[in-house]
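*Asks:* could you work out the structure for the sequence below:
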Amino acid sequence: MCSYEREVKRLERLADEVNSDELSQLTESDNESLADEDHNLVSDHELDTEQESFSDVEEQANLLRRSRYIKISTTTTETNTTEIMALLGLLYLAGSQHGGRKHIAEFYSDDGLGCEIFPAAMAQRRVKFLLRCLRFDDTNTREVRKSQDNLAAVREMMIKFNEQCKVHYSVGEYVTLDEMLLAFRGRCRFKMYIPNKPNKYGLKVFSMVDSRTFYTSHLEIYAGTQLEGPFKIDNSTAAVTERMCMHLSGSGRNVTMDRWFTGYKIASLLLREHRLTVVATIRANRRSSIVMPVLERKWLPRHV
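*Replies:* A predicted model of the protein is given here:
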């Protein structure tokens, strides 16, 4: 074989190697594009679900804007689902930074103490405007619904919120049940006054959360004494505790709860009917808390 033929063979082998490398790179790029398409399909599905959830909020906000703000400016233009989701994202971010007691202007401060995401996402005046217009129900039928339900303004939103909390995350084997008082001094039928709380006036909320990740599994707002109808429920300690644990029935989880929820009968009911164990403090002055009724009070330890 002459040198010319050897050189031709060498160039053919080199061309084959180059073609095989290009083919492998093309296959990898195709796989990446297919993965991106699959991801986009999932993202589009999630986006459609979120848009359906916030479409009513968007509609009510725009209706309120048309009725109150005749003059249209960059601050008072109509909103959309994307902007509503951005607003809720800013509120979540403010909560993660413990900004419940901060004024909104502090997040827009340019002295190094503010949060850069806030001015990048939305103007301060626009945030205030959207918060004034934000509604979670049909305001035209609210008065009719309030005749049967004290929680008519947020009832539908709370139902959807609890459903989505259960769909997107499964809590671990340890959960915590507690109550909290959200500071509020406005007009409300079921506003409560608890003197031993930091915020003495507010709305009482029962919450079931994951003990490790603090993810919320279920929320219930105390709506006071409801009128006769479909929304009248029992607000006794045993009823509230069983209602908050109902979605975990039969799962074998352990529930840590405050002494307000605890009683011997309640703990026995959760174990017998729902296969849930309880870790809690039992108050000795509650009749249902005496575990060993044959013993006299003086023989019971002080911490029982």
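*Asks:* just the strands in the protein please.
*Replies:* 174-183, 192-193, 201-210, 216-221, 254-257, 277-280 (DSSP state E).
*Asks:* adding distance to residue 99 and mean pLDDT, write those out as a markdown table.
*Replies:* From N, CA and C alone the C-beta is placed, and that goes for glycine too. Shown next, in a markdown table, are these (distance: least, Cβ to Cβ, whole Å; pLDDT from 0 to 100):
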| stretch | distance to residue 99 | mean pLDDT |
| --- | --- | --- |
| strand 174-183 | 13 | 92 |
| strand 192-193 | 24 | 90 |
| strand 201-210 | 17 | 94 |
| strand 216-221 | 18 | 94 |
| strand 254-257 | 28 | 94 |
| strand 277-280 | 32 | 92 |
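*Asks:* need the ones you listed in CSV (columns: distance to residue 76 and mean neighbour count).
*Replies:* Putting the strands of the chain into CSV (distance: least, Cβ to Cβ, whole Å; neighbours: other Cβ atoms under 10 Å) gives the following:
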stretch, distance to residue 76, mean neighbour count
strand 174-183, 29, 17
strand 192-193, 35, 12
strand 201-210, 29, 18
strand 216-221, 31, 18
strand 254-257, 47, 19
strand 277-280, 51, 17
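*Asks:* could I get those in a markdown table, plus columns for distance to residue 10?
*Replies:* Formatted as a markdown table, the strands of the chain follow (distance: least, Cβ to Cβ, whole Å):
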| stretch | distance to residue 10 |
| --- | --- |
| strand 174-183 | 69 |
| strand 192-193 | 88 |
| strand 201-210 | 65 |
| strand 216-221 | 68 |
| strand 254-257 | 72 |
| strand 277-280 | 76 |
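*Asks:* so for residue 160, which of those strands sits nearest?
*Replies:* Nearest to residue 160, of all those, is strand 216-221, at 11.6 Å by Cβ to Cβ.
*Asks:* ok, the closest one: who's next to it in the sheet?
*Replies:* In the sheet, strand 216-221 lines up against strand 201-210 (antiparallel) (DSSP bridges).
*Asks:* just the angle between the strand it pairs with and strand 174-183, please?
*Replies:* Angle, strand 201-210 to strand 174-183, by axes from the mean of the first three to the mean of the last three Cα atoms, to 10 degrees: 160 degrees.
*Asks:* tell me how far strand 201-210 lies from the chain's centre.
*Replies:* 12 Å (Cα atoms, centre = their mean, to the nearest Å).
*Asks:* for it, C-alpha coordinates in PDB please.
*Replies:* Only the C-alpha atoms of strand 201-210 are listed here, as PDB (Å, rounded to 0.1, in the frame of the first residue of the first chain):
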ATOM      1  CA  TYR A 201     -56.800  41.200  69.900                       C
ATOM      2  CA  GLY A 202     -56.900  39.100  66.900                       C
ATOM      3  CA  LEU A 203     -58.300  36.100  65.000                       C
ATOM      4  CA  LYS A 204     -57.800  32.600  66.500                       C
ATOM      5  CA  VAL A 205     -56.500  30.000  64.200                       C
ATOM      6  CA  PHE A 206     -55.900  26.300  64.800                       C
ATOM      7  CA  SER A 207     -53.000  24.800  62.900                       C
ATOM      8  CA  MET A 208     -51.700  21.300  62.200                       C
ATOM      9  CA  VAL A 209     -48.100  21.400  61.000                       C
ATOM     10  CA  ASP A 210     -45.100  19.000  60.400                       C
END
